[in-house]
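Asker: okay, sequence plus prediction incoming.
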Amino acid sequence: MIPYTTSRDTTITDPAYGWSATCEERFGTHPVQVVHEWNSAVHVEEAEADAGKRAFTHDELQAFFDYADDQVDKVRGRGRKGWLPAFRDAVLFKTSYAFGLRRNETRMLDTVDFGRNPEGPEFGDYGVLYVRYGKAKKGSPPKRRSVLTVWDWSAEILQQWNEEVRPHFTTAGAGALWPSERSTRVGFSQMNTRFAAYRDALGLDENLDFHSFRRSYVAHLIEDGWDARFVQEQVGHDYASTTAIYTCVSSDFRTRTLRRVLDATMEAALRPARRA
């Protein structure tokens, strides 16, 4: 049997290394490259990353959510009815982050898209989110996936939204998770406008966009030690390489990691040497 290699791992067949001659001498055969760019499947999944885009840091994300909550209190305190859309958008933003959702996946959620997770009974009726409008490949229907709840607060805010606030919308009967005052489902323009308004009011980087919630979800889970394969399944990536793009965007995580290693190194250096 002749060993073979792919077009992405050609070191073993590169004449400069002499492996082929060595194998021929020792085993009477040599490696042969049989997989090339012209006869292999192409990675056709579109990249979700943009060189200029990034995830929120933990502090930025907390500031954004706090600001969204403050707007609800301010509008409601003035006796204006606009507190309902403000409340909706605050929960919508948090939900997008809590489940690592794309913008359209978030918008198209219905109240029936949640279920119980037997392995996570503490989340109640919000232990699993069933995404029905995932990113579709060319010529294919929307991709479905289930996303497990990982944070207690996400189940709590969804329960409050569905039981106490959402019913106040006159269009809530249609079943969309995020109704608007004039239609059964919130529009992209409303989502984008609110996001940009909050971001700009806080003076945050303009490279932060709605998709930054999804980037942040991946980056923060990886930073907190969650298994990379679990995170990949949660966000519905076919390739680990796509998920990996999100794991190096948090500069504060790298800074904390560096500081932790340096402190540990210094502590070890100052520790008295053990006597034999």
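Answerer: Good, I have the coordinates.
Asker: going forward, measure contacts and count neighbours with C-alpha atoms only.
Answerer: Fine.
Asker: distance of Val218 relative to Ala55?
Answerer: For Val218, the distance to Ala55 (CA to CA, to the nearest Å) stands at 9 Å.
Asker: common neighbours of the two, please.
Answerer: Here Val218 and Ala55 have Tyr246 as joint contacts, going by CA atoms under 8 Å, 6 or more residues apart in numbering.
Asker: all strands for the chain, in order.
Answerer: All strands of the chain, identified by DSSP state E, fall at 4-5, 32-33, 114-115, 128-134, 143-148.
Asker: nearest to Arg76, out of those?
Answerer: Across the strands of the chain, Arg76 has its closest neighbour in strand 114-115 (28.7 Å, CA to CA).
Asker: what does that closest one rub up against?
Answerer: 125-130.
Asker: from those, which two are the most distant?
Answerer: Farthest pair in the contacts of strand 114-115, by CA to CA: Asp125 and Tyr130, 12.2 Å.
Asker: and for Ala29, the neighbour number?
Answerer: That one is not Ala; residue 29 is Thr. Using other CA atoms under 10 Å, Thr29 has 15 neighbouring residues.
Asker: quick check: nearest residue in space to the residue nearest to the spatial centre of the chain, chain neighbours excluded?
Answerer: In the chain, the C-alpha nearest the mean C-alpha coordinate belongs to Arg214, at 3.2 Å (CA atoms, centre = their mean). Leaving aside its chain neighbours, Arg214 sits nearest to Gly100 (4.3 Å; criterion: CA to CA, 6 or more residues apart in numbering).
Asker: burial of Arg199, as a residue count?
Answerer: For Arg199, using other CA under 10 Å, the count is 21.
Asker: correct me if wrong: it contacts Phe64.
Answerer: Yes. Here Arg199 reaches Phe64: they are 7.0 Å apart, a contact under CA atoms under 8 Å.
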